[in-house]
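Peer 1: Next input, structure requested:
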Amino acid sequence: MKKIGILGSTGSVGKQALQIIENNLDKFQIIFLTANTNADLLLEQSKKFKPKFICINDKNKKDYLSKSLNQTKLFFGKEGILELCNNQEVDLILNSIVGYHGLEPTLQIINSGIDIALSNKESIVQAGHIVIPLAKKNDVNIFPVDSEHSALWQCLIGEDSKTIKKIILTASGGPFRKLNENEFHKITKSEALNHPNWSMGEKISIDSATMMNKGFELIETKWLFDINVDKIEIVVHPQSIVHSMIEFIDGSIKAQLSDPDMRIPIQFALSYPHRYEIKNINFNVNNFLKLSFEPVNLKKFKCIKLAYDAIKLGGSYPVVLNVANDLLVELFLNEKILFNMIPKYIEKTMNSHHVIKNPTIQEISEITKWTENYIKEMVKI
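Peer 2: As a prediction, this is how the structure comes out:
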């Protein structure tokens, strides 16, 4: 039985992971759960799965949870999260924290020598140059949870990575694939959250609408699979059935296909090297008689170009890209800025940044604070 810890159990990925575990209680055991502020749902999950430990990041919810717990030990705050990341009882920790705050837990997990199922793509975007070598040094496996990177991982099983000619990342194109870019300033929050294929949390839904999620995945792919960014191509695939492809030097192409259901990559990351049945998933070819592909419009979806620029320029630029995007998406969700201002403000922030070639963790923290202050001043929060 595999013992699991989940960071961000009340978010979209965390909730789906718990659904998977609930259907496989003979294969998984929950050791701990953590949440940011949703104490009610965390308490409900605790009663159902009976973890030994839970942690709430919001310290104001400590007393509320303490009154309702019996056998479960309560941690709180960032310190509690990091302490649980060092829990040697677990075999695997799912990091599904949303945003740039997920980096420190990722590093703690790796330093603890524990395998990680990584949904927090920002960890790699900000600090791939630190995270990947550290994982190799500590003999820690990083199992990707994103559908695209899970697809690439599955396509590479049994293959020699040296024979890769090109990696092809597929993108749905989001809800505004056909919308003229001159109309982007009119996009509302509800429209941006209405993804045509996937059911996701608010942050990733907006990243999908701007296509910044594909920019982040580009950077992740470079680090996770140790490949030059010039060998990574992004194509739009509206049906979201082909989750990514690899072209090999002999001209062969391998692809991973499935219905657009996040339970598939989440479960594979949790269960690897085994595959378990997922009920109610039955691919019907009659629903997808035509699979189409088209080039991505980098002028229209400038966030992807900004990601290419950030990783090619290197150094601390991806940190600024990541933090600025997180903050601006939050501002858009709070209806403080327009949708089309997200890439414009990111670009302005990157252009004002003085690059650091190989930033340390301390320097990443300082760059994060600088970016936060710059955005606040620019947007006049």
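
Peer 1: As a check, name the ranges of all helices in the stretch 101-250 of the chain.
Peer 2: Shown for the stretch 101-250 of the chain, the helices assigned by DSSP state H, counting those that start in this stretch span residues 103-111, 122-137, 147-156, 189-193, 202-210, 212-224.

Peer 1: Of those, which is nearest residue 7?
Peer 2: helix 103-111 (5.7 Å; CB to CB). (C-beta placed from N, C-alpha, C; glycine too.)

Peer 1: Relative to the whole chain's centre, how far out is the closest one?
Peer 2: Relative to its parent chain, helix 103-111 has a centroid offset of 15 Å by CA atoms, centre = their mean, to the nearest Å.

Peer 1: And for stretch 229-241?
Peer 2: Mean-position distance between stretch 229-241 and its chain equals 17 Å (CA atoms, centre = their mean).

Peer 1: Going along the chain, name the strands of the stretch 1-150 of the chain.
Peer 2: Assigned by DSSP state E, counting those that start in this stretch, the stretch 1-150 of the chain shows strands spanning 2-7, 28-35, 53-56, 73-76, 92-95, 115-118, 142-144.

Peer 1: mean pLDDT lowest for which of those strands?
Peer 2: Among the strands of the stretch 1-150 of the chain, strand 73-76 carries the lowest mean pLDDT, a mean of 92.

Peer 1: which stretches of the stretch 251-381 of the chain have low pLDDT?
Peer 2: Residue ranges of the stretch 251-381 of the chain with pLDDT under 70: 381.

Peer 1: Which parts of it are helices?
Peer 2: Applying DSSP H, counting those that start in this stretch to the stretch 251-381 of the chain gives helices spanning 263-271, 302-313, 317-333, 341-351, 361-379.

Peer 1: now those in TSV, with distance to residue 97 and mean neighbour count?
Peer 2: As requested, the helices of the stretch 251-381 of the chain are exported to TSV (distance: least, CB to CB, whole Å; neighbours: other CB atoms under 10 Å):
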stretch	distance to residue 97	mean neighbour count
helix 263-271	15	23
helix 302-313	21	20
helix 317-333	12	24
helix 341-351	21	19
helix 361-379	15	16
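
Peer 1: just to revisit the earlier point, what's the closest of the helices of the stretch 101-250 of the chain to residue 257?
Peer 2: Closest to residue 257 of the helices of the stretch 101-250 of the chain is helix 147-156 (CB to CB; 8.4 Å).

Peer 1: So what touches that closest one?
Peer 2: 143-144, 164, 167, 169-170, 217, 220-221, 224-225, 243-246, 254-256, 260, 262, 264-265, 268-269 (CB atoms under 8 Å, 6 or more residues apart in numbering).

Peer 1: Off-centre distance for that helix?
Peer 2: On CA atoms, centre = their mean, the centre of helix 147-156 falls 14 Å from that of its chain.

Peer 1: got the angle for that helix vs helix 212-224?
Peer 2: For helix 147-156 against helix 212-224, the angle by axes from the mean of the first three to the mean of the last three CA atoms, to 10 degrees is 30 degrees.

Peer 1: quick check: angle from helix 147-156 to helix 263-271?
Peer 2: Using the same axes, to 10 degrees: helix 147-156 against helix 263-271 is 60 degrees.

Peer 1: Much appreciated, bye for now.
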